[in-house]
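**Q** kindly generate the corresponding structure for this input.
(2 chains)
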Number of protein chains: 2
Amino acid sequence: MMAPVTPAWIAVDWGTSHLRAWAMSASGTVLAQAGSDRGMGQLDRAGFEPALLALVGDWLTAPTPIIACGMVGSRQGWVEAPYTATPCAPLAAPLVRAPSQDMRLQVHVIPGIKQLQPADVMRGEETQIAGFLAQNKGWDGVVCLPGTHTKWVHVSAGEIVSFQTFMTGELFATLATQTVLRHSVAAEGWDDAAFDTALADASARPEKLAGRLFSLRAEGLLCDLSGAAARARLSGLLIGAELASAKPYWLGQQIAVIGAGALARLYVTALAQHAAPATQVNAEAATLSGLTAAYRQLKG
Amino acid sequence: MMAPVTPAWIAVDWGTSHLRAWAMSASGTVLAQAGSDRGMGQLDRAGFEPALLALVGDWLTAPTPIIACGMVGSRQGWVEAPYTATPCAPLAAPLVRAPSQDMRLQVHVIPGIKQLQPADVMRGEETQIAGFLAQNKGWDGVVCLPGTHTKWVHVSAGEIVSFQTFMTGELFATLATQTVLRHSVAAEGWDDAAFDTALADASARPEKLAGRLFSLRAEGLLCDLSGAAARARLSGLLIGAELASAKPYWLGQQIAVIGAGALARLYVTALAQHAAPATQVNAEAATLSGLTAAYRQLKG
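**A** Numbering: from 1, shown residues only, chains lettered A, B, ... in the order given. Reported below is the predicted structural model:
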């Protein structure tokens, strides 16, 4: 039988489609971790407390601070944690307490960040940026956080100066599964050369993107383009178009890419094609580091 | 009681999501019309004959020539009518006979057209172009056929010289209903100014498109962007990007836009913003005219 886990606090990353939790010691060591698919997207307001208790109830022997980031703080989340406006430090605003029946749950939600002009929003990425900055004091440059909604964030003097969101990940998934391209794009498989060619093409001539997409279908019909090559090419086209559009962010800057392994590597590779070296940062480590920084702020 | 309809032949437009039929006199007058939602997309090979009989069975007193265009001739259709390669006249290849149990059905399918380099395909649009050319002898220029998959087609000396497909219609529908933008884009409503601004922006800076899409969501959250304005702006962004990409087609050319009323008008308006005057052509009239031209070729 395993020894019971008795965390000093619990770190929670609660996005649209996932819920992850870590039992933490006072010194910041991970004692245990757990996850479920009960993301914000499938919960109504009353559903958050039971979802969290189902995941971490065994860790709770006393009232326990819980620090949560992500969509859990959105208007449709457990409690709305209003956005802080840029320019601001990633953890500038006070945490927002989420109400709970179970008195062992002392849930504090990290507010997201908004930019008013051009309008943009983030929830969760501010925590990863805080975590990255906690481990890289004084770092200035541009942070790229690839995902469903990729963010490019200009960071200077410990503050988020500006940022822009690209729907690249969601575009890829939607085009590959919900449009006519689903007949030509495989669910798995890859082709490095197809990715590289498409990336270069879309970066150099982004205005051509609208006309490139259907070619995946046409070449599937007429030229036996493989499903794996089509998949890599679609990814290359979309990331290439994003890089072209985000060029004012990354050109001539120090760059850190915070993301899950394979996707972050794609972005680092793509930036290298543009002679823009980027450091790859583990997303989970950045999230945990950011949640830890927020916990320490709370404890003062 | 209505007099029975006894057509000399039947015109059929059979796409992915629709089936339309017209009972025609020998001289080309429409005697009756009918339609259903039994498009190619929901039928297997054995389903085409029953679907057609259900729609036009009452018109059949004797063996009757039926001329059909569209996805009915695709590999997943009633019979595969192999593509003709460009450059070619829109009705250059012989019609392909579809097999049937019911001897009253004499179904002839119009082959689609392919372009080998860059790879592209069309099925159905060649018939509309043939119809347009039948009514505009000797016309040279560029035909735009907006729809789920918009085609830009260079026509010269009665032939389709080259063409390119843009997934603009499918992109619009997918982004508006299957992505995070569904929370911000209304199912109906419109805002001319929002369309015009987005069109001008995307046409002038198409490389920025990838970063413009999420702004619809962010402005919905932060700036109370209305669902109708978001809908018009999404359309303007996508059509603007298409016009930028298709510029080598339309710049300095005589242009005809063949399409359903509202969508064709949008394209004519958009082209006018670029000082490119375009003639709007009724899509159904062009389809019928093209099917009639194919029928006359068959009869010799």
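**Q** run a quick neighbour tally on A:S162.
**A** A:S162 has 18 neighbours, counted by other Cβ atoms under 10 Å in any protein chain shown. Where you see a C-beta, it was placed from the backbone N, CA and C, and this is true even at glycine.
**Q** which residues touch the closest residue to it other than its chain neighbours?
**A** Nearest residue to A:S162 in three dimensions, chain neighbours excluded: A:H154, at 4.9 Å (Cβ to Cβ, 6 or more residues apart in numbering or on different chains). The contact partners of A:H154, by Cβ atoms under 8 Å, 6 or more residues apart in numbering or on different chains, come to A:V142, A:I160, A:V161, A:S162, A:F163, A:Y249, A:Q253.
**Q** which two in these are spaced the farthest apart?
**A** A:I160 and A:Q253 (14.3 Å; Cβ to Cβ).
**Q** quick one: A:G147 from B:T64, how far?
**A** 58 Å (Cβ to Cβ, to the nearest Å).
**Q** more neighbours: which of A:I160 and A:Q253?
**A** Taking neighbours as other Cβ under 10 Å, A:I160 and A:Q253 compare with A:I160 leading, 26 against 17.
**Q** check what pLDDT that one gets.
**A** Note on A:I160: pLDDT of 98.
**Q** repeat for A:D196
**A** 97.
**Q** the one helix or strand it maps to packs against which elements?
**A** Using DSSP states H and E, A:D196 falls within helix A:192-204. In terms of contacts (3 or more Cβ pairs under 8 Å, 6 or more residues apart in numbering or on different chains; DSSP states H and E), helix A:192-204 is packed against helix A:209-222, helix A:227-245, helix A:261-273.
**Q** buried sites along that helix?
**A** A:A194, A:F195, A:D196, A:T197, A:A198, A:L199, A:D201, A:A202, A:S203 (16 or more other Cβ atoms under 10 Å in any protein chain shown).
**Q** gap between it and the chain center?
**A** Counting by Cα atoms, centre = their mean, to the nearest Å, helix A:192-204 is centred 24 Å from the centre of its parent chain.
**Q** that one to helix A:227-245, inter-axis angle?
**A** Inter-element angle recorded for helix A:192-204 and helix A:227-245: 30 degrees (by axes from the mean of the first three to the mean of the last three Cα atoms, to 10 degrees).
**Q** just the pLDDT for the residue lying farthest from the centre of chain A.
**A** Going by Cα atoms, centre = their mean, the residue of chain A most distant from its centre is A:L222, 37.8 Å out. pLDDT for A:L222: 96.
**Q** now do the contacts for it.
**A** Here A:L222 is in contact with B:Y83, B:K114, B:L116, B:A119, B:V121 (criterion: Cβ under 8 Å, 6+ apart).
**Q** name the member of those residues with the most neighbours.
**A** B:Y83 (23 neighbours).
**Q** which residues does it contact?
**A** B:Y83 touches A:L222, B:P111, B:G112, B:I113, B:K114, B:V121, counting by Cβ under 8 Å, 6+ apart.
**Q** does the third one touch B:E126 like I think?
**A** Yes: distance between B:G112 and B:E126: 6.4 Å, which falls inside the contact criterion (Cβ atoms under 8 Å).
**Q** which one of those two is surrounded by more residues?
**A** Under the criterion of other Cβ under 10 Å, the comparison of B:G112 against B:E126 puts B:E126 first, with 28 against 24.
**Q** make sure that one is indeed in a strand.
**A** No: counting by DSSP: H, G, I helix; E, B strand; the rest coil, B:E126 falls outside a strand, being helix.
**Q** about what we covered before: and the contacts of A:H154, which is closest to B:G300?
**A** Looking across the contacts of A:H154 and measuring by Cβ to Cβ, the closest to B:G300 is A:Y249, at 64.8 Å.
**Q** now A:T179: how far from chain B?
**A** Computed with Cβ to the nearest Cβ, to the nearest Å, the distance linking A:T179 and chain B is 5 Å.
**Q** ignore the last one, A:P65
**A** 29 Å.
**Q** A:D37 too?
**A** Counting by Cβ to the nearest Cβ - A:D37 and chain B are separated by 18 Å.
**Q** ditto for A:A119
**A** A:A119 is 4 Å from chain B, by Cβ to the nearest Cβ.
**Q** one more: A:V161?
**A** A:V161 is 17 Å from chain B, by Cβ to the nearest Cβ.
**Q** is that residue located within a strand, as I assumed?
**A** Yes: under three-state DSSP, A:V161 falls within a strand.
**Q** okay, now it: neighbour count?
**A** 15.
**Q** OK, contacts around it?
**A** Here A:V161 is in contact with A:T86, A:P87, A:H154, A:V155 (criterion: Cβ under 8 Å, 6+ apart).
**Q** return the member of those nearest to chain B.
**A** A:T86 (11.8 Å; Cβ to the nearest Cβ).
**Q** need phi/psi at the closest one.
**A** Dihedral angles of A:T86 (phi, psi; degrees, to the nearest 10) stand at phi -70, psi 150.
**Q** what does A:L53 give?
**A** Dihedral angles (degrees, to the nearest 10) for A:L53: phi -60, psi -40.
**Q** let me know the pLDDT of it.
**A** 98.
**Q** surely it touches A:L105?
**A** Yes: look at A:L53 against A:L105 with Cβ under 8 Å: they come within range, at 7.4 Å.
**Q** neighbour count winner among these two?
**A** Shown here are A:L53 and A:L105; by other Cβ under 10 Å, A:L105 has more neighbours (21 against 16).
**Q** secondary structure element holding the residue lying closest to that one once chain neighbours are set aside?
**A** Nearest residue to A:L105, sequence neighbours excluded (Cβ to Cβ, 6+ apart): A:I66, at 6.2 Å. Using DSSP H and E, the element containing A:I66 is strand A:64-69.
**Q** tell me what the very next helix or strand once past that strand is packed against?
**A** Next helix or strand after strand A:64-69 toward the C-terminus (DSSP H and E): strand A:84-85. For strand A:84-85, the packing partners by 3+ Cβ pairs under 8 Å, 6+ apart come out as strand A:113-115.
**Q** re the thing from before, list of residues touching the helix holding A:D196?
**A** In contact with helix A:192-204 (Cβ under 8 Å, 6+ apart) are residues A:208-209, A:212, A:228-230, A:232-241, A:243-244, A:266, A:270, A:273-274.
**Q** and A:L209, what pLDDT?
**A** pLDDT, read off for A:L209, is 87.
**Q** before we move on, the earlier item: look up how far A:G70 lies from the residue nearest to A:S162.
**A** 22 Å.
**Q** equivalent analysis for A:L234, please.
**A** Applying Cβ to Cβ to A:L234 and A:G70 gives a distance of 27 Å.
**Q** report the contact partners of the closest residue to A:G220 other than its chain neighbours.
**A** Using Cβ to Cβ, 6+ apart and skipping the chain neighbours, the partner closest in space to A:G220 is A:S184 (3.4 Å). Applying Cβ under 8 Å, 6+ apart to A:S184 gives the contacts A:L216, A:R217, A:E219, A:G220, A:L221, A:L225, A:G227, A:A230.
**Q** ok, the residue lying closest to the fifth one once chain neighbours are set aside - contacts?
**A** In this structure, A:L221 finds its nearest non-sequential neighbour in B:V121, 5.8 Å apart by Cβ to Cβ, 6+ apart. Listed by Cβ under 8 Å, 6+ apart, the contact partners of B:V121 are A:R217, A:A218, A:L221, A:L222, B:Y83, B:G112, B:I113, B:K114, B:Q115, B:T165.
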